[in-house]
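Asks: sequence and predicted structure below; questions after.
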Amino acid sequence: MEVSLKNQVAIITGASSGIGTGIAKSIAEAGATVIINHSSEKSLENAQEVLKEITDAGGNGITYQCDVSKEDEVIKMFKDVIEKFGTVDILINNAGIQKDAKFTEMTLDDWNAVMNVNLTGHFLCSREAIKEFLRRGIDTSRSVACGKIIHISSVHEVIPWAGHANYAASKGAIKMLMQTLAQEYGPDKIRVNSIGPGAIQTPINKAAWETKDALNSLLELIPYNRIGQPKDIGNLAAFLASDLADYISGASIFVDGGMTSLESFADNG
């Protein structure tokens, strides 16, 4: 079986680093044209490097700067992409941030910043994607589905995380957003799913793996005894976006080496 996304256009938010980069590469490898979204001028160079890797490998795509928490920027991104490529087939809502603090010391700005990117960004991008899916309708030369949305959530949509209340709350909300969209737009043949990464080796969690002691401590939480890589998430994203996964909708799929089995309870807690 071949995972094919040929003739399709995919927007991947937050694709200039980490998990987003892994997803963009896998989606491009499967044949889709990828829009590598990044949030600011500061991340442009990284986005361009990702695009070069993709094009050097024979893929196609562009970079696009857009802060997904800003409604006007999201609307413009979709408008520009549709004008350039004709439509959008796949949306990967990946952009996310952390602003960690003990709950009593967490500022409203820290709370809002995380919610604005991690949740409102998913809302805004999904809304514009669904509008385009419905406008275009089903084109079986592209896919048997009308459109595909994949939310990148976290194991922390189900595992509480002290010191990260804003982040965990945003991820729990993503699950309900995803399931509601899958329910509401399933009759239109729009598929919506979530991927919940566990510990993935990316810059956002460098402190958890950059030293041997830190990595060993982290591995105590992972039954499979290795840290995940961005490609682990990318592989699943490409599959979920393909017609091979056409009967999968409304699902949260964890890619975590077994972390959600709560390894700390292996010896009765």
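Replies: Yep, it's here. Numbers count the residues shown, from 1 in each chain.
Asks: CA only for contacts and neighbour counts going forward, please
Replies: Will do.
Asks: what count of nearby residues applies to Cys135?
Replies: Just so we're on the same page, residue 135 is Arg rather than Cys. By other C-alpha atoms under 10 Å, 11 other residues sit near Arg135.
Asks: what helix or strand is it on?
Replies: If you go by DSSP states H and E, Arg135 is part of helix 121-136.
Asks: packing partners for that helix?
Replies: Here helix 121-136 touches helix 71-85, strand 90-93, strand 147-152, going by 3 or more C-alpha pairs under 8 Å, 6 or more residues apart in numbering; DSSP states H and E.
Asks: partners of the second one, with directions?
Replies: With DSSP bridges as the criterion, the sheet partners recorded for strand 90-93 are strand 9-12 (parallel), strand 147-152 (parallel).
Asks: output the helices and strands packed on helix 121-136 in TSV; the columns should cover distance to Leu108, mean pLDDT and mean neighbour count.
Replies: Putting the helices and strands packed on helix 121-136 into TSV (distance: least, C-alpha to C-alpha, whole Å; pLDDT from 0 to 100; neighbours: other C-alpha atoms under 10 Å) gives the following:
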stretch	distance to Leu108	mean pLDDT	mean neighbour count
helix 71-85	21	98	15
strand 90-93	24	98	27
strand 147-152	24	98	27
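Asks: which of the helices and strands in the chain ranks last by mean pLDDT?
Replies: helix 212-219 (a mean of 88; mean pLDDT, DSSP states H and E).
Asks: tabulate the strands paired with strand 90-93 (TSV), appending distance to Gly234.
Replies: Formatted as TSV, these follow (distance: least, C-alpha to C-alpha, whole Å):
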stretch	distance to Gly234
strand 9-12	11
strand 147-152	11
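Asks: can you give me the strands in the stretch 101-250 of the chain?
Replies: Assigned by DSSP state E, counting those that start in this stretch, the stretch 101-250 of the chain shows strands spanning 147-152, 190-197.
Asks: so which of these gets nearest Leu91?
Replies: Nearest to Leu91, of all the strands of the stretch 101-250 of the chain, is strand 147-152, at 4.8 Å by C-alpha to C-alpha.
Asks: list the contacts of that closest one.
Replies: With C-alpha atoms under 8 Å, 6 or more residues apart in numbering as the test, strand 147-152 has contacts from 89-94, 122, 126, 130, 133, 138, 174, 178, 189-197, 237, 240-241.
Asks: ok, now with 7 Å
Replies: Under the criterion C-alpha atoms under 7 Å, 6 or more residues apart in numbering, residues 89-94, 133, 190-196, 241 lie in contact with strand 147-152.
Asks: ranking by neighbours, what's the top pick from the residues you listed?
Replies: Ala241 (31 neighbours).
Asks: now the residue nearest to that residue when sequence neighbours are not counted: how far from Ile12?
Replies: Counting by C-alpha to C-alpha, 6 or more residues apart in numbering, Lys148 is the residue found nearest to Ala241 once chain neighbours are left out, at 6.0 Å. Computed as C-alpha to C-alpha, to the nearest Å, the Lys148 to Ile12 distance reads 12 Å.
Asks: between the two, what contacts are shared?
Replies: By C-alpha under 7 Å, 6+ apart, the residues touching both Lys148 and Ile12 are Leu91.
Asks: in contact with the spatially closest residue to Cys146 that is not a sequence neighbour, which residues?
Replies: Among residues not flanking Cys146 along the chain, Ile138 sits closest, at 4.5 Å (C-alpha to C-alpha, 6+ apart). Going by C-alpha under 7 Å, 6+ apart, Ile138 touches 144-146.
Asks: and of those, the nearest to His38?
Replies: Cys146 (25.8 Å).
Asks: quick one: residues contacting that closest one.
Replies: By C-alpha under 7 Å, 6+ apart, the contact set of Cys146 is 133, 137-138, 188-190.
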